[in-house]
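Novice: no sequence on hand, only this structure:
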């Protein structure tokens, strides 16, 4: 893929993403469908996936960004379902798919079938999480799906390596495979922790948010490459790059809560932009693989005419093996239950949503493309893998939103709990601010020769700022949309926003009249922009034009 093709692909996929955001559509689905249509146009250059590019350039930042925003507390509280889905279900799916394919195509070695199973086993939760967040899925379901996406890639890629070694005849016993998994897990987590601690130590000593963000960008790539190429004690084992990235992201994400506001704002903008870019690219590449899939199917079908039917069966098995597995894991006896540490299980509706959120994505595509050329059944593996990836995105991606609406899995009490927690948090912050203000006034009166009336004016000015922001937050929580729009605080925000627009227009007029240098203009505009961003962050503010 040359540079011009890549630029065109990025521009087109980002343009589609912009349209989807504008009209509240699912960007992954639209991009895949449009890319499928484009791929069928005669003369369109064939774009093949480079697995090294996907696994080392695309996957690490996507995983890292997700783990940065994940809660370690929620991850720990849902560890059992996350491990059940991300490890046990991955292994179960791989084995079931391998057995089914081996029964249907007995000429394929079972090790080859297991490679296919490992390739199609890990779901990609990007689409599911995006849909769930828009439709208001309960936080616990979102935490489980997100946690699964952070773990299952590591399990699948480790199993993939073991299966490829079995195909090549270099794999040992089952114990050897288990040792490979254990070493990959332990070493990956260790590398991620070490890198996270080192980077955290360095970032705490930096005072420039731009440098901190720039330094953070290299973390996922460094963690992935180091873990994958580290072979302890001269063994052939290596760490899991995926787990290294996830561990580093969880560690640094928790540490970012103590970072400066400028650093957090900078990081949020940087990683949000990277996410949009890479996700659009991945789904566009997925859709553009259609010619490759058809060519592979045509070549393989000459030797076996039933491959199209087998591809459909593999797709169905991959999707539906997840449903009884999720429901079964949830309703095991309490001592064996994997979906909750204590208390009752989730409702069957919630479990059904989790079971149906199994779209495949970037790892399936990259692993299928990376199967060695001399692997027996390579054409069949790639055909089935691409069929599963595209089929699950289209079938499950299109049906997941109506399924969520039909099952009504939203937690009605969660919104009330969130509201109560937010009010309590904002009240605690306000009380702390006012207590600190009283302390400052007392200090000024006792150590500085400040007249009492001046100190009182100072106190009232700061108290009004704290009270105004507190009232705005409480109004945003407790009032209806109509009441918020007509509140005094919202009127203040609108007036201040219009004043900022007027100030900006006056500055631009001064520049056009050659009375203001561009450097000075940018400096003043930066201050106005920050104030406008502060206003637009409030739920009571209206969009400025």
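Specialist: Arrived safely. Bear in mind that the values here come from a model prediction, so they are computed numbers and not experimental data.
Novice: tell me where the stretch 51-200 of the chain has helices.
Specialist: Applying DSSP state H, counting those that start in this stretch to the stretch 51-200 of the chain gives helices spanning 51-53, 59-69, 72-77, 79-83, 89-104, 110-120, 126-135, 139-168, 174-204.
Novice: tell me how far the residue positioned nearest the centre of the chain lies from residue 125.
Specialist: Among the residues of the chain, the smallest C-alpha distance to the mean C-alpha position (Cα atoms, centre = their mean) belongs to residue 66, namely 3.7 Å. Between residue 66 and residue 125 the distance, using Cβ to Cβ, to the nearest Å, works out to 8 Å. Where you see a C-beta, it was placed from the backbone N, CA and C, and this is true even at glycine.
Novice: where do the contact lists of the two overlap?
Specialist: Among the neighbours of residue 66, those also in contact with residue 125 (Cβ atoms under 8 Å, 6 or more residues apart in numbering) are 146, 149.
Novice: please name the residues that touch the nearest residue to residue 101 once chain neighbours are set aside.
Specialist: Nearest in space to residue 101, with sequence neighbours left out and distances taken as Cβ to Cβ, 6 or more residues apart in numbering, is residue 113 at 4.5 Å. If you count contacts by Cβ under 8 Å, 6+ apart, residue 113 has them with 97-99, 101-102, 105, 377.
Novice: list the buried residues of the longest helix along the chain.
Specialist: Within the chain, and with DSSP state H defining each element, the longest helix by residue count is helix 412-447. Residues 430, 433-434, 437, 441, 444 are the ones in helix 412-447 that count as buried (16 or more other Cβ atoms under 10 Å).
Novice: those residues into TSV, with extra columns for pLDDT?
Specialist: Putting these into TSV (pLDDT from 0 to 100) gives the following:
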residue	pLDDT
430	85
433	86
434	86
437	83
441	79
444	68
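Novice: closest to residue 511 among those residues?
Specialist: When the buried residues of helix 412-447 are compared for distance to residue 511 (Cβ to Cβ), residue 433 comes out closest, at 38.5 Å.
Novice: what's the closest non-adjacent residue to that closest one?
Specialist: In space, residue 433 comes closest to residue 466 once its chain neighbours are excluded; the distance is 4.9 Å by Cβ to Cβ, 6+ apart.
Novice: okay, angle between whichever strand or helix holds residue 33 and helix 126-135 too, please.
Specialist: Secondary-structure assignment from DSSP states H and E places residue 33 in helix 27-39. Relative orientation of helix 27-39 versus helix 126-135 (axes from the mean of the first three to the mean of the last three Cα atoms, to 10 degrees): 130 degrees.
Novice: against which helices or strands is helix 27-39 packed?
Specialist: Contacts defined by 3 or more Cβ pairs under 8 Å, 6 or more residues apart in numbering; DSSP states H and E place helix 27-39 against helix 3-22, helix 126-135, helix 261-288, helix 290-301, helix 378-407.
Novice: can you report how many residues neighbour residue 516?
Specialist: The local packing count at residue 516 equals 16, with neighbours defined by other Cβ atoms under 10 Å.
Novice: and it, helix, strand or coil?
Specialist: coil (DSSP: H, G, I helix; E, B strand; the rest coil).
Novice: before we move on, the earlier item: can I get the contacts of residue 113 in TSV including distance to residue 223, pLDDT and neighbour count?
Specialist: As requested, the contacts of residue 113 are exported to TSV (distance: Cβ to Cβ, whole Å; pLDDT from 0 to 100; neighbours: other Cβ atoms under 10 Å):
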residue	distance to residue 223	pLDDT	neighbour count
97	30	95	25
98	31	94	22
99	35	95	15
101	34	94	25
102	36	93	19
105	38	90	17
377	33	85	22
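Novice: and which of these is nearest residue 168?
Specialist: Each of the contacts of residue 113 was scored against residue 168 by Cβ to Cβ, and residue 377 proved nearest at 13.3 Å.
Novice: show me the contacts for that closest one.
Specialist: By Cβ under 8 Å, 6+ apart, the contact list for residue 377 reads 105, 108-109, 112-113, 116.
Novice: what does residue 161 give?
Specialist: When contacts are counted by Cβ under 8 Å, 6+ apart, residue 161 touches residue 180.
Novice: wait, what's in contact with residue 134?
Specialist: Taking Cβ under 8 Å, 6+ apart as the definition of contact, the neighbours of residue 134 are residue 24.
Novice: from residue 512, how far out is it?
Specialist: Counting by Cβ to Cβ, the separation of residue 134 from residue 512 is 42 Å.
Novice: cool, residue 3 as well?
Specialist: For residue 3, the distance to residue 512 (Cβ to Cβ) stands at 37 Å.
Novice: most packed of the helices of the stretch 51-200 of the chain?
Specialist: The highest mean neighbour count among the helices of the stretch 51-200 of the chain belongs to helix 110-120 (a mean of 27), with neighbours defined as mean count of other Cβ atoms under 10 Å.
Novice: report the angle between the axes of that one and helix 89-104?
Specialist: Here the directions of helix 110-120 and helix 89-104 differ by 140 degrees (the same axes, to 10 degrees).
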